[in-house]
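1. This is a predicted model, with the sequence first.
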Amino acid sequence: MKGKMAKGAEAPVWALGAMSGTSLDGVDAAMVLTDGHSVQEFGPSAYRPYSAAEKSVLRAALGKWPGEPGVAEAAEVVETAHAELLSRFSGVDVVGFHGQTLAHDPAGRGTHQAGNGTLLAQVLGLPVVWDFRSSDVALGGQGAPLAPFFHFALAKHIGATEPLAFLNLGGVGNLTWVDPNQPAPEVEGALLAFDTGPANAPMNDLMRARLGKDCDEGGQLAAKGRVKKAVLDRFLQHPYFFKVPPKSLDRNDFVALVQAVKPLSTEMALATLTAAAAAAVVKGAEHFPQEISRLLVTGGGRHNATLMRHLSRQLRATVEPVEAAGLDGDMLEAQAFAFLAVRVMRGMATSCPSTTGVPAAVGGGQISRPDAAADQG
Ligand SMILES: Nc1ncnc2c1ncn2[C@@H]1O[C@H](COP(=O)(O)OP(=O)(O)OP(=O)(O)O)[C@@H](O)[C@H]1O
Ligand SMILES: CC(=O)N[C@H]1[C@@H]2OC[C@@H](O2)[C@@H](O)[C@@H]1O[C@H](C)C(=O)O
């Protein structure tokens, strides 16, 4: 490897991570200086929204697997958007490229992130770590969530001294309980992580279908509606909530909820979907091995005041955006894949039994170098 990587296996390097999340809004990219254990410094970040035309290509490919109609087109959208965005950065040693999840069925067909890292490595002239989830799934894990190893490093970075949790409110929600007093993320008792349930995806889909808008800005419409309790109660009977973590979800796993709010007014439907997203988190928190006093919220859903209000009212912990701890909630997942890329390059684990349910701590990801074929990380 070129650049700072060659200085020594333990020297920190500048990694550029890119995340195209389940909300399908665009690509986040952010740089992190890291040795794969801790964060030395946060670097620049940028966002590249998908155009309306690109979004519809991606949406048409949701739920599809490689080789199926529409998937190649979606991959091209993902690759083009990433090439455009990532080529704006300089001083990068390694890229962590998540791609766009189109389908996720860890117990069945596997997990599918669109976008080819080998192509991106050639275009950018940089080593690219990608396909982070497949090997975890192949070994019997959920393949998600993967941000927890980064959450562990963040808990240390912010100087936490007692267990806390990170909540990501993206298209889907995910929770990570962290004990920052443990020496490493893969140590038993350091982490417990899992997807909570639907977060913004059903709200966004409803807003688009009814009002042609991207999201319920600030949760304002939800705040005007009444929660349809019968729908919420039925939602909470979903078998997912009775599964012991680790566990993960696909974007469109809660079809019954989406169907159930269809007859409701827009305000009432949004109120109910917002309450459901919060209730799923509250249910999730019941699995924590030890109580927490602080819940740090990342992802776009932290801007939804109605959702945040539900969480604050129903959880005993202080609920606050990650900015309260000096972190960047818009870029945290992109930073996570920068961090994980360095771990993959260095043969370190990226998941373990308590984060994905994989039988032992494993490192995922393929590494593509600009001038060579992909090899397994
Ligand atoms: N001001 C806001 N008010 C309400 N909701 C918002 C606001 N800003 C962002 N959001 C919601 O957050 C979403 C984007 O969140 P984020 O970028 O964290 O998701 P993602 O990375 O695509 O998803 P995931 O974490 O599931 O992969 C938007 O689609 C929207 O639903
Ligand atoms: C399969 C997949 O892409 N899952 C995403 C999705 O978005 C949120 C939640 O569902 C989480 O499991 C994961 O992303 C985050 C970044 C993760 O792996 O930690």
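-> Structure's in. What do you need? Ligands and ions are numbered 1, 2, ... in the order given.
2. What residues does the nearest residue to Phe149 once chain neighbours are set aside make contact with?
-> Among residues not flanking Phe149 along the chain, Pro185 sits closest, at 4.6 Å (C-beta to C-beta, 6 or more residues apart in numbering). Where you see a C-beta, it was placed from the backbone N, CA and C, and this is true even at glycine. Residues near Pro185 by C-beta atoms under 8 Å, 6 or more residues apart in numbering: Pro148, Phe149, Phe152, Ala153, Leu191, Ala349, Cys352, Thr355.
3. Residue numbers of the protein in contact with ligand 1?
-> Counting by C-beta under 6 Å from any ligand atom, the chain comes close to ligand 1 at 19, 21-23, 25, 168, 170-172, 200, 204, 215-219, 299-301, 303-304, 333.
4. Now, the residues you listed that are in helices?
-> Among the residues of the chain next to ligand 1, the members falling in helices (DSSP state H) are Asn200, Asn204, Glu333.
5. distance of the residue nearest to Phe149 from ligand 1?
-> Distance, Pro185 to ligand 1, using C-beta to the nearest ligand atom, to the nearest Å: 19 Å.
6. For the residue nearest to Pro246 when sequence neighbours are not counted, which residues are in contact?
-> Leaving aside its sequence neighbours, Pro246 sits nearest to Gly357 (C-beta to C-beta, 6+ apart; 3.9 Å). Gly357 is in contact with Gly140, Gly141, Gln142, Pro245, Pro246, Lys247, counting by C-beta under 8 Å, 6+ apart.
7. would the first one count as being in a helix?
-> No: the assignment for Gly140, made by DSSP: H, G, I helix; E, B strand; the rest coil, is coil rather than a helix.
8. Could you report the neighbour count for it?
-> Using other C-beta atoms under 10 Å, Gly140 has 15 other residues around it.
9. Check the residue nearest the centre of the chain and give its pLDDT.
-> Closest residue to the average C-alpha location of the chain: Glu333 at 5.7 Å, with C-alpha atoms, centre = their mean. Note on Glu333: pLDDT of 98.
10. Would you confirm that Leu295 contacts Pro321?
-> No: applying C-beta atoms under 8 Å as the test, Leu295 and Pro321 come out as separate, 10.2 Å apart.
11. okay, these two: which has more neighbours?
-> Remark: of Leu295 and Pro321, Leu295 carries more neighbours, 21 against 18, as counted by other C-beta under 10 Å.
12. Mind listing the residues bridging to the more buried one?
-> Ala165, Val319 (DSSP bridges).
13. Any part of stretch 227-243 near ligand 2?
-> No: using C-beta under 6 Å from any ligand atom, we find that stretch 227-243 stays clear of ligand 2, coming within 12.7 Å at best.
14. starting at the chain centroid, how far to that stretch?
-> Using C-alpha atoms, centre = their mean, to the nearest Å, the distance from the centre of stretch 227-243 to the centre of the chain it belongs to is 23 Å.
15. Could you check the helix or strand Arg208 falls within and say which residues are buried?
-> If you go by DSSP states H and E, Arg208 is part of helix 200-211. Of all the residues in helix 200-211, those buried under the rule 16 or more other C-beta atoms under 10 Å are Asn200, Ala201, Pro202, Met203, Asn204, Asp205, Leu206, Met207.
16. Using the three-state scheme, assign the closest residue to the fourth one other than its chain neighbours.
-> If I follow you right, that is Met203. Excluding its sequence neighbours, the residue lying closest to Met203 (C-beta to C-beta, 6+ apart) is Leu273, at 4.9 Å. At Leu273 the chain is in helix, as set by three-state DSSP.
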